[in-house]
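Participant: What would the 3D arrangement of this be:
(one chain, ligands or ions: 2)
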Amino acid sequence: MSLAPDITETIARARADLRMGVPVVLQGPSEAMLVVAAETLSDARLRDLRALPGGPVLAITARRAETLKARAYDGDLARVHIPDDVGLGWILSVADPADDLNAPMKGPLMTARDGTADLARLALQLVKSARLLPAAVLMPVEDGEAFGGAERLTIIQVAEATPQLTEASPMHSVVSARLPLQVSEAGRLHVFRPEDGGEEHYAVEIGRPDRAKPVLARLHSACFTGDLMGSLKCDCGPQLRGALAQMGAEGAGVLLYLNQEGRGIGLANKMRAYSLQDQGFDTVEANHRLGFEDDERDFRIGADILRRLGFSSVRLMTNNPAKIDMMRAHGIDVAERVPLHVGENPHNEAYLATKAAKSGHML
Ligand SMILES: Nc1nc2c(ncn2[C@@H]2O[C@H](COP(=O)(O)OP(=O)(O)OP(=O)(O)O)[C@@H](O)[C@H]2O)c(=O)[nH]1
Ligand SMILES: [Zn+2]
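Facilitator: Ligands and ions are numbered 1, 2, ... in the order given. So this is what the prediction gives:
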């Protein structure tokens, strides 16, 4: 019998540590690294890291490296040398593009080309999944097990963690209950919980859709600003209400409310992107400058929830061709695309035009 956490539980614990600025240990087959998220690193922890033998590096994504004109020898990421005479401010300015335009010269940045980047890659996956800026400070340690044990740090075995972080987490249904709505009194809310400790997702079922026929469906990604605050910067709020209204009018449908705020980067990072948009970058460029891809959502979640509810074919309410492709790739038949053009206004005109030009959104 063992009460020790398994790899899924250990990764969930590591995410919490990283959000708190606590280092975690990545134990690889031939090397071990301490990892701290750049965003939550403190002066005191940086001092303690520097007291160890060896030199720390700052792992950033190739997207961020491109903005900083740093060479990404590792392909999808770069390991930036942290000079001895720089402080926390330097690390943050490499990680966070907020002041790029005011202080463009951070370099030249020296990036590593020797050794393996596997641990740095895993570190970036972890900080992204903790919804932090995609930048992590790594410090080599001789014996990760011994060091982590002595310092009571979370220790992740890289060989176990890598498949875990690439596979979609299994989910289970927690509860479902009747929820009368303005659009239909025959509403029902289902709550799904991923087993990796990630955020819960919801499905709102309207009426009693026939499982043997394509169901009117919407996969809606959380947008606190648009859905709840009535933000004019996007079209999410009107799309959410428009989709529910159409389901109410037809008497049947299913709306998935996926907690993938900011196309999967989290609200804090989305607000960082908004701040960059005020400096003149579009929605895609802003994501890239932060070090993210255009869209970091995992659409396997939506397909999995639909299947769990008994749906295999949908009439999908979307303007995003990637959503259609993703549903098909994950085993959900898209019998029809139902356009959802609502909520255009002068503030989101450029945003919608960028989505059409760069992400192929259908007008
Ligand atoms: N990173 C980032 N996310 C944004 C921005 N504006 C809106 N979002 C997020 O984008 C997502 C919008 O999702 P959806 O409504 O599913 O939109 P979509 O992928 O364009 O597809 P359809 O609406 O189905 O056509 C939400 O998670 C918003 O929070 C932005 O400027 N940057
Ligand atoms: Zn929105």
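
Participant: So which residues of the stretch 51-200 of the chain form helices?
Facilitator: 62-67, 88-95, 118-129, 144-151, 158-166 (DSSP state H, counting those that start in this stretch).

Participant: T8 is in contact with E160, correct?
Facilitator: No: counting by Cβ atoms under 8 Å, E160 sits too far from T8 to count as a contact (9.5 Å). To be clear about C-beta, it is placed using only N, CA and C from the backbone, and glycine gets the same treatment.

Participant: out of those two, which sits in the more crowded spot?
Facilitator: T8 (17 against 14; other Cβ atoms under 10 Å).

Participant: In contact with the closest residue to the more buried one other than its chain neighbours, which residues are there?
Facilitator: Closest residue to T8 apart from its sequence neighbours, by Cβ to Cβ, 6 or more residues apart in numbering: D196 at 5.5 Å. Contact partners of D196, counting by Cβ atoms under 8 Å, 6 or more residues apart in numbering, are 8, 11-12, 164, 169.

Participant: Give me the distance between D196 and ligand 2.
Facilitator: Separation of D196 from ligand 2 (Cβ to the ion, to the nearest Å) stands at 25 Å.

Participant: Need the pLDDT of that residue.
Facilitator: On the pLDDT scale, D196 is placed at 94.

Participant: now it: how far from F299?
Facilitator: According to Cβ to Cβ, to the nearest Å, D196 and F299 sit 17 Å apart.

Participant: How about K358?
Facilitator: K358 is 18 Å from F299, where distance means Cβ to Cβ.

Participant: Please apply the same query to E185.
Facilitator: From E185 across to F299, the span is 31 Å (Cβ to Cβ).

Participant: Among those two, which residue is more densely surrounded?
Facilitator: Just comparing E185 and F299: by other Cβ under 10 Å the higher neighbour count belongs to F299, 23 against 12.

Participant: The more buried one reaches K323, doesn't it?
Facilitator: Yes: contact status for F299 versus K323: in contact at 6.5 Å, counting by Cβ under 8 Å.

Participant: and the stretch 101-250 of the chain, which residues reach ligand 1?
Facilitator: Within reach of ligand 1 by Cβ under 6 Å from any ligand atom, the stretch 101-250 of the chain has these residues: 220-223, 234, 236, 239.

Participant: Find the nearest non-adjacent residue to R328, please.
Facilitator: Closest residue to R328 apart from its sequence neighbours, by Cβ to Cβ, 6+ apart: V334 at 5.9 Å.

Participant: Tell me the bridge partners for the one you found.
Facilitator: Beta-bridge partners of V334, counted by DSSP bridges, are V314.

Participant: I figured it was touching V314, is that so?
Facilitator: Yes: V334 is within contact range of V314, at 5.8 Å (criterion: Cβ under 8 Å).

Participant: residues shared between the contacts of the two?
Facilitator: In contact with both V334 and V314: M327, using Cβ under 8 Å, 6+ apart.

Participant: Give me the more crowded residue out of these two.
Facilitator: V314 (28 against 18).

Participant: And for L306, the neighbour number?
Facilitator: L306 has 23 neighbouring residues, counting by other Cβ under 10 Å.

Participant: What distance do you get for it to ligand 2?
Facilitator: L306 sits 22 Å away from ligand 2, going by Cβ to the ion.

Participant: mind checking the SS state of that residue?
Facilitator: helix (DSSP: H, G, I helix; E, B strand; the rest coil).

Participant: Find the nearest non-adjacent residue to it, please.
Facilitator: Of all residues not flanking L306 in the chain, I332 sits nearest, at 5.5 Å (Cβ to Cβ, 6+ apart).

Participant: check contacts around the one you found.
Facilitator: I332 sits next to 303, 306-307, 311-314 when contact means Cβ under 8 Å, 6+ apart.
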